[in-house]
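Undergrad: Below are the sequence and a predicted model for it; my questions follow.
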Amino acid sequence: MSELSVLRVADVTKQYHLPTTIVSKLLHSKNEHTGLTALDGIELQLNKGEILALVGESGSGKSTLAKILVGSTAPSSGEIEYNGSPIPSRRDKADSRRIQMVFQDPYSSLNPRIPVGSMLRELLLLHKIVPRNEVRSESIRLLNLVGLEEDALDAYPNQFSGGQRQRIAIARALSVRPDVLIADEPVSALDVSVQATILDLFSELQRELGLSILFVAHNLAVVQHLSQRVAVMYLGRIVEVAETAELFKNPKHPYTRALIESIPRMSAESVNDEFQLEGEPPSPFDVPAGCRFNPRCPWAVSSCRVTDPRLIPISPRHESACLRADELDDPRGTAAAISTA
């Protein structure tokens, strides 16, 4: 493991099995799938003090991985390391404090019956962050940190806008002084006009507090100017990892190209104007043989339908799970070559 790593995921899987009853056994054939694999051999590393973006379409397994990292659900297999040591399956209060989550929906993640001050007070006392006589001043400091004022302490969540509620949720996560913040689609439920201010806030917090942040999103445009690195996820697998600038300049997986091409542009300049992603992701109950992206991939050849690729280094800080990664430098040339193959 890299000495810079604060959080490392090693070969993590997560299976969900459907309940079986006598009736279901009679109604369904033996060959019918009774479970799905949400995560299939995830390898990922979050470095100290960085913002790592985890992107992919809905249903790719991003939120499942986030829940495993924060400890709200357990992996079926694999290991999670924090600062080089395995995190136990049953986390104590100290283990739970180190990794905190900011949820997608600020409207449902906050208890509407509890004022903001009581919310923060409870956490500060439970984890013994500050002495009892310093709880109010620490609560004010947390609110100021996320751009809110002292008068928010006595207010209830329903008195705030969506963006303000998300700021309160961030303050709540920061109250226990975590080292790692898992942000699970934290701007997708907000108005576009508010999203940028929340993204700026995450960037400021990372710089000021030295936080390590895993930022989950389905839109690459959201993380382009926020993250230092990007991990692209598809159908339960990481298919590409690279520094952000390198990923946008030189994507080495067709799925990553598709996500980049889906970003609205004001100009005609693009990585590959001719490549558009078609169709829906396959069902996780019935993952395709070979590369799981091959049914939607315009570059797929016969070997892609047989061999299931794993992440391999393309350069020292760039990995891809594509058999033809080294042929994707010239997308139009590659597509033309495939069409005549």
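TA: Nice, thanks for sending it over.

Undergrad: Just the residues contacting the helix or strand hosting E208, thanks.
TA: Element membership for E208 (DSSP states H and E) is helix 192-209. Contact with helix 192-209 is made by 49-51, 145-147, 161-163, 166-167, 170, 174, 181, 183, 186-187, 190, 211, 213, 215, 222, 225-226, as judged by Cβ atoms under 8 Å, 6 or more residues apart in numbering. Quick note: C-beta positions are derived from backbone N, CA and C, even for glycine.

Undergrad: Separate out the buried members of those.
TA: Among the contacts of helix 192-209, those buried by neighbour count (16 or more other Cβ atoms under 10 Å) are 49-51, 145-147, 162-163, 166-167, 170, 174, 181, 183, 186-187, 190, 211, 213, 215, 222, 226.

Undergrad: and N158, how many neighbours?
TA: With neighbours defined by other Cβ atoms under 10 Å, the count for N158 comes to 10.

Undergrad: Can you classify the closest residue to it other than its chain neighbours by secondary structure?
TA: Nearest residue to N158, sequence neighbours excluded (Cβ to Cβ, 6 or more residues apart in numbering): P112, at 5.3 Å. Here P112 is recorded as coil under DSSP: H, G, I helix; E, B strand; the rest coil.

Undergrad: Check W299 too.
TA: coil.

Undergrad: wait, it sits on P254?
TA: Yes - counting by Cβ atoms under 8 Å, W299 does reach P254; the two are 5.3 Å apart.

Undergrad: Compare those two and say which is more crowded by neighbours.
TA: Each of W299 and P254 has its neighbours counted (other Cβ under 10 Å); P254 has more, 31 against 22.

Undergrad: Shouldn't R121 be within a strand?
TA: No - applying three-state DSSP, one finds R121 to be helix, outside a strand.

Undergrad: now it: how far from I140?
TA: According to Cβ to Cβ, to the nearest Å, R121 stands 12 Å off from I140.

Undergrad: center of this structure - which residue?
TA: Central residue of the chain (Cα atoms, centre = their mean): V216, 2.8 Å from the mean position.

Undergrad: Between helix 192-209 and the helix or strand hosting that residue, find me the angle.
TA: Taking DSSP H and E as the definition, one finds V216 inside strand 212-217. Following axes from the mean of the first three to the mean of the last three Cα atoms, to 10 degrees, one obtains 160 degrees for the angle between strand 212-217 and helix 192-209.

Undergrad: For strand 212-217, name the packing helices and strands.
TA: strand 5-17, strand 35-47, strand 51-55, helix 62-70, strand 180-184, helix 192-209 (3 or more Cβ pairs under 8 Å, 6 or more residues apart in numbering; DSSP states H and E).

Undergrad: can you list contacts of that strand?
TA: 6-7, 46-55, 62-63, 66, 69, 179-188, 202, 205-206, 223, 226-227.

Undergrad: Show me just the buried residues among these.
TA: Looks like the contacts of strand 212-217 have 6-7, 46-55, 62-63, 66, 69, 179-187, 202, 205-206, 223, 226-227 buried, using 16+ other Cβ under 10 Å.

Undergrad: For A10, see how far away R91 is.
TA: Between R91 and A10 the distance is 17 Å, computed by Cβ to Cβ.

Undergrad: Equivalent analysis for R167, please.
TA: 34 Å.

Undergrad: One more: L205?
TA: Distance from L205 to A10, by Cβ to Cβ: 28 Å.

Undergrad: before we move on, what about E261?
TA: Using Cβ to Cβ, one obtains 32 Å as the distance from E261 to A10.

Undergrad: the more surrounded of these two?
TA: Under the neighbour definition other Cβ under 10 Å, E261 and A10 were set side by side, and E261 has more, 19 against 15.

Undergrad: Quickly list what the nearest residue to P75 once chain neighbours are set aside is bridged to.
TA: Using Cβ to Cβ, 6+ apart and skipping the chain neighbours, the partner closest in space to P75 is V12 (4.7 Å). Legend: beta-bridge partners of V12 under DSSP bridges are I42.
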